[in-house]
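Enquirer: Structure of the sequence below:
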Amino acid sequence: MNKKNDLFLLEINSKRLYNNMKTRFYLHDYLNSNGEKQIIFSVSILGKRKRIYTGYFCKPEEWNKKTQRLKHESNQHGPINLILDNIISKAIDIRTFFALSKKELTLEKFEREYFNATPSHDFNSFMISRINETIDNPNTKKKHKSIHKKLKEYKETIPFNVISLDFIYEYRRYLSRLGNCPTTINSNIKIIKQYLIDAQRKGVMFPFNIDEIKPGSTTGNRVSLTKEQVNKLKAFYFSEFIRDNWKLSLGYFLIACYTGLRVSDVLQLKRANLYSETIPIKTVKNKKLLNIKLNNTARSIIEHSPNLFNQFYTEQTINKHLKEIAQNIGIKRKMTMHIGRHTFATAYIKAGGDVMYLQKLLGHSKLDTTLIYTHITEDDANETVFLLDD
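Expert: Predicted coordinates for the structure are as follows:
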């Protein structure tokens with residue numbers, strides 16, 4: 001077969017793949033008791049036809065056969081014309097998705113996409129479907145669903161064919177207008193990129209290189225408490241003036257300060273398991289196995305409150321109590337459970353601890369993540385040069 005014939009067959013196959021859908025609206029023959037006929041959406045693909053009942057009606061004299069819409073003078077039917085536009089738009093999105101994926105569109109596949117509650121041509125639907133299918137960790141699922149919610153509030157439907165580097169840029173600007181900080185925006189883009197890569201693995205083709213999406217740093221500033229602030233909190237914990245609910249929440253926070261555990265790992269511990277010299281933990285976030293030892297301070301915190309690790313609050317409730325405690329005793333710094341982990345890491349480095357050991361204690365996969373804490377202590381050290389000014 002010569003090159004000319006090859007090109008001819010390629011053109012024919014391309015038309016078969018991508019230009020094989022015809023659509024139109026028309027009125028059903030049946031006239032109801034209100035003198036109205038139902039609007040039918042007709043889809044023809046590869047010689048097969050499907051009639052889709054829209055559920056919308058109009059009088060025959062209100063229908064324009066040429067435009068396949070209601071006449072402009074029928075103002076009360078304005079929303080119906082918009083709905084018909086959306087139906088056509090959805091059909092075009094489906095066709096475009098199959099074209100970009102280099103897949104043949106049949107009438108059966110069109111029906112499946114059109115009536116599916118989670119159509120694969122829409123990135124929002126794809127993303128929430130994959131979140132529900134692939135994520136078991138409740139905290140991770142909650143975070144990803146929150147990111148998806150913001151994306152859906154930005155655009156209800158996002159066909160894959162509209163996603164581009166410009167789309168990502170505009171979405172960054174939208175998140176910035178919402179008041180999201182740079183690290184939060186970067187984290188959102190990083191998660192969205194993961195699902196775009198997932199879609200690409202499943203056959204979706206994009207007109208750009210996904211690797212060109214650069215989320216940026218998601219580490220942010222590692223806020224931690226000073227040794228004096230931790231001691232102040234510890235004194236309040238052991239005092240007779242602290243409320244019971246505050247004591248419980250502060251106890252969990254102090255354990256984070258003296259172990260470096262994430263909040264999800266602190267709250268999965270059971271008191272009965274804390275009397276061994278070494279405590280095995282399977283981390284909630286990344287399923288790593290850690291063996292931790294409690295120092296004397298951590299054990300005294302546990303022993304002081306019989307309810308600790310027997311009674312639990314949610315992370316949100318604990319953070320609410322920590323904010324109230326900070327205001328009550330005059331600590332002018334943001335306090336959350338995660339800051340307890342940062343406080344442990346920063347204090348460990350300042351006390352001369354080895355960064356390689358700290359990586360193991362924190363359960364970090366990459367040393368670079370742990371090295372952030374050495375940069376924090378370097379910043380503190382740099383400030384001491386001004387002591388020479390005296």
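Enquirer: CA atoms for contacts and neighbours, from now on please.
Expert: OK.
Enquirer: what about Lys366, how many residues close to it?
Expert: Neighbour count of Lys366, defined by other CA atoms under 10 Å: 9.
Enquirer: Leaving out sequence neighbours, find the closest residue to it.
Expert: Spatially, and ignoring its direct neighbours in sequence, Lys366 is nearest to Gln359 (7.9 Å; CA to CA, 6 or more residues apart in numbering).
Enquirer: I'd like to know how many residues surround that neighbour.
Expert: Gln359 has 18 nearby residues by other CA under 10 Å.
Enquirer: likewise Arg130?
Expert: When neighbours are counted by other CA under 10 Å, Arg130 comes out with 13.
Enquirer: could you pull out the strands for the stretch 1-150 of the chain?
Expert: Ranges of strands within the stretch 1-150 of the chain are 21-27, 37-45, 48-58, 63-64, 69-70, based on DSSP state E, counting those that start in this stretch.
Enquirer: Now do the contacts for the nearest residue to Leu107 once chain neighbours are set aside.
Expert: Of all residues not flanking Leu107 in the chain, Ile45 sits nearest, at 5.5 Å (CA to CA, 6+ apart). Residues in contact with Ile45, defined by CA atoms under 8 Å, 6 or more residues apart in numbering, are Asn20, Met21, Lys22, Leu105, Thr106, Leu107.
Enquirer: What pLDDT is listed against the closest residue to Leu261 other than its chain neighbours?
Expert: Closest residue to Leu261 apart from its sequence neighbours, by CA to CA, 6+ apart: Arg341 at 6.0 Å. In the predicted model, Arg341 carries a pLDDT score of 88.
Enquirer: Next one: Arg341 from Asp354, what distance?
Expert: 17 Å (CA to CA, to the nearest Å).
Enquirer: More neighbours: those two, which one.
Expert: Neighbours were counted for Arg341 and for Asp354 using other CA under 10 Å; Arg341 has more, 25 against 12.
Enquirer: Who are the contact partners of the more buried one?
Expert: Taking CA under 8 Å, 6+ apart as the test, what Arg341 contacts is Ala256, Cys257, Thr259, Gly260, Leu261, Arg262.
Enquirer: and which of these is nearest to Leu248?
Expert: Ala256 (12.9 Å; CA to CA).
Enquirer: how about low-confidence regions in this structure?
Expert: 1-19, 73-78, 117-120, 219-222, 370, 373-390 (pLDDT under 70).
Enquirer: Just give me the longest helix of it.
Expert: Ranked by residue count, the top helix of the chain under DSSP state H comes out as helix 78-100.
Enquirer: Which helix or which strand is home to the residue nearest to Lys366?
Expert: Gln359 is part of helix 355-362 when elements are defined by DSSP states H and E.
Enquirer: Show the residue spans covered by the strands in the stretch 201-350 of the chain.
Expert: Using DSSP E, counting those that start in this stretch, strands in the stretch 201-350 of the chain cover 279-282, 289-292.
Enquirer: Export the first one to PDB, keeping only CA atoms.
Expert: As requested, C-alpha coordinates have been extracted for strand 279-282 and formatted as PDB (Å, rounded to 0.1, in the frame of the first residue of the first chain):
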ATOM      1  CA  ILE A 279       5.800   1.400  72.000                       C
ATOM      2  CA  PRO A 280       5.200   0.100  68.500                       C
ATOM      3  CA  ILE A 281       3.200   2.500  66.300                       C
ATOM      4  CA  LYS A 282       1.900   2.100  62.700                       C
END
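Enquirer: So for it, what gets flagged as buried?
Expert: Along strand 279-282, these residues count as buried under the neighbour rule (16 or more other CA atoms under 10 Å): Ile281.
Enquirer: Next, report how far that strand is displaced from the centre of its chain.
Expert: Put simply, strand 279-282 sits 28 Å off its chain's centre (CA atoms, centre = their mean, to the nearest Å).
Enquirer: So what would you say the end-to-end distance of stretch 150-169 is?
Expert: End-to-end distance for stretch 150-169, by CA to CA: 15 Å.
Enquirer: buried stuff in that stretch?
Expert: Buried-residue list, stretch 150-169, by 16+ other CA under 10 Å: Leu151, Ile158, Pro159, Phe160, Asn161, Ser164, Leu165, Ile168.
Enquirer: wait, which of those is closest to Glu277?
Expert: Leu151 (47.0 Å).
Enquirer: Next, Gly352: phi, psi?
Expert: Here is the backbone geometry of Gly352 (degrees, to the nearest 10): phi 100, psi 10.
Enquirer: what separates it from Thr346, distance-wise?
Expert: Look at Gly352 and Thr346: by CA to CA, they are 10 Å apart.
Enquirer: Compare those two and say which is more crowded by neighbours.
Expert: Applying other CA under 10 Å to Gly352 and Thr346 shows that Thr346 carries more neighbours, namely 27 against 8.
Enquirer: Verify the stated contact: the more buried one with Thr226.
Expert: No - using CA atoms under 8 Å, Thr346 makes no contact with Thr226, being 9.0 Å away.
Enquirer: Can you list the residue ranges for helices in the stretch 51-200 of the chain?
Expert: 78-100, 107-115, 123-134, 138-154, 165-177, 182-201 (DSSP state H, counting those that start in this stretch).
Enquirer: any chance of these in a markdown table, with distance to Ile40 too?
Expert: Listed next are the helices of the stretch 51-200 of the chain as a markdown table, based on distance: least, CA to CA, whole Å:
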| stretch | distance to Ile40 |
| --- | --- |
| helix 78-100 | 10 |
| helix 107-115 | 15 |
| helix 123-134 | 26 |
| helix 138-154 | 29 |
| helix 165-177 | 34 |
| helix 182-201 | 33 |
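Enquirer: picking that back up, which of the contacts of Arg341 sits closest to Ile189?
Expert: The closest of these, once distances to Ile189 are taken by CA to CA, is Arg262, at 23.6 Å.
Enquirer: Would you mind measuring from that closest one to Lys282?
Expert: Going from Arg262 to Lys282 by CA to CA gives 12 Å.
Enquirer: Then Gly35?
Expert: According to CA to CA, Gly35 and Lys282 sit 69 Å apart.
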